[in-house]
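Trainee: what follows is a predicted structure for the sequence shown.
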Amino acid sequence: MESTFKLPEPACLVDPLTESNCYIFTSGSSALLIDPNNADLINTYAAEHHIVPEYVLLTHEHCDHIAGLNDLRSRWTLSVVASKKCSDGIQNTKMNMTRIMESYLYFKSGGKLHVSYPKFTCQAADIVFDAPVYDFVWKGHSFRCIAAPGHTPGSICIVADDALLFSGDYFIPGEEVITRLPGGDDEAYQTVGKDVLRSLPTPIWTYPGHGLPFMLTQEVKKQYGL
């Protein structure tokens, strides 16, 4: 799907606790968010830039990518776009990982991080798709949502304007693809997810769920066994 003009580079807000990324596109006073990780950061950014969140796209259902969603929904009139399995997962403390997040952060930090992480759920997404590919258009820009199961059942990759890739928790710099967390399915990754990742266009600027953006190339794909 071709757009009439290309998207600018998105703003990126990094949650200090989980180091997850929220990406923000603006058009006039309207904004589209990908993975609302931290409501305080997002609300401050919105106030400083005089923007109103209008749409939220979710790459998957884990809590570090949706932690700000409930607050945003209480403040703004916005629509959430997600795959059916992601929409189901955000409504469940096991699938959204809040049930084990304190332990996960503790072990990931090597026993250094002791935090209280509240369990929460979110209401279902407003726009739900159950197809392998769903094309969403905002302000003349295309966001192609491609189902990529493995990390979670509801994981997707988002290709914006055929120029920018939002990979969620795939292609995190320096990390292998993780399929052992709640909802993870190595068989689904090996049989479906890998083929999806192989098919993604290259070269393409890639914005992962954690870490800095980078250029995805065939050489990078090979490092992930693709």
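Mentor: Sure thing, it's come through.

Trainee: quick check: which element contains the residue nearest the centre of the chain?
Mentor: In the chain, the centroid-proximal residue (Cα atoms, centre = their mean) is T59; its distance is 3.1 Å. Assigned by DSSP states H and E, T59 belongs to no helix or strand.

Trainee: can you give me the neighbour number for the closest residue to it other than its chain neighbours?
Mentor: Nearest residue to T59, sequence neighbours excluded (Cβ to Cβ, 6 or more residues apart in numbering): G168, at 3.1 Å. C-beta here means a position set from N, CA and C on the backbone, and glycine is covered the same way. The number of residues packed near G168 is 29, by other Cβ atoms under 10 Å.

Trainee: ok, now which ones touch W76?
Mentor: By Cβ atoms under 8 Å, 6 or more residues apart in numbering, the contact set of W76 is 52-54.

Trainee: which among the residues you listed count as buried?
Mentor: Buried subset of the contacts of W76 (neighbour count, 16 or more other Cβ atoms under 10 Å): 53-54.

Trainee: got the contacts of W76 as JSON lines, with distance to I146 columns?
Mentor: What follows is the contacts of W76, written out as JSON lines (distance: Cβ to Cβ, whole Å):
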{"residue": "V52", "distance to I146": "28"}
{"residue": "P53", "distance to I146": "23"}
{"residue": "E54", "distance to I146": "22"}
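
Trainee: save the contacts of W76 as a markdown table, and put in pLDDT and distance to A160 too.
Mentor: Output for these, formatted as a markdown table (pLDDT from 0 to 100; distance: Cβ to Cβ, whole Å):
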| residue | pLDDT | distance to A160 |
| --- | --- | --- |
| V52 | 98 | 20 |
| P53 | 98 | 17 |
| E54 | 98 | 15 |
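
Trainee: quick check, nearest of the contacts of W76 to S109?
Mentor: Relative to S109, the closest of the contacts of W76 is P53; by Cβ to Cβ it sits at 30.8 Å.

Trainee: partners of the closest one in the sheet?
Mentor: Beta-bridge partners recorded for P53 (DSSP bridges): A31.

Trainee: ok, the residue nearest to the centre of the chain touching F171?
Mentor: No. T59 is beyond contact range of F171, at 11.3 Å (criterion: Cβ atoms under 8 Å).

Trainee: and the residue nearest to T59, what does it touch?
Mentor: Per Cβ under 8 Å, 6+ apart, neighbours of G168: 35, 59-60, 65, 148, 151, 155-157, 208-209.

Trainee: Serialize those to a markdown table and add fields for secondary structure.
Mentor: As requested, those are exported to a markdown table (DSSP: H, G, I helix; E, B strand; the rest coil):
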| residue | secondary structure |
| --- | --- |
| D35 | coil |
| T59 | coil |
| H60 | coil |
| H65 | helix |
| A148 | coil |
| H151 | coil |
| S155 | coil |
| I156 | strand |
| C157 | strand |
| P208 | strand |
| G209 | coil |
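
Trainee: that concludes my questions; thank you for your assistance.
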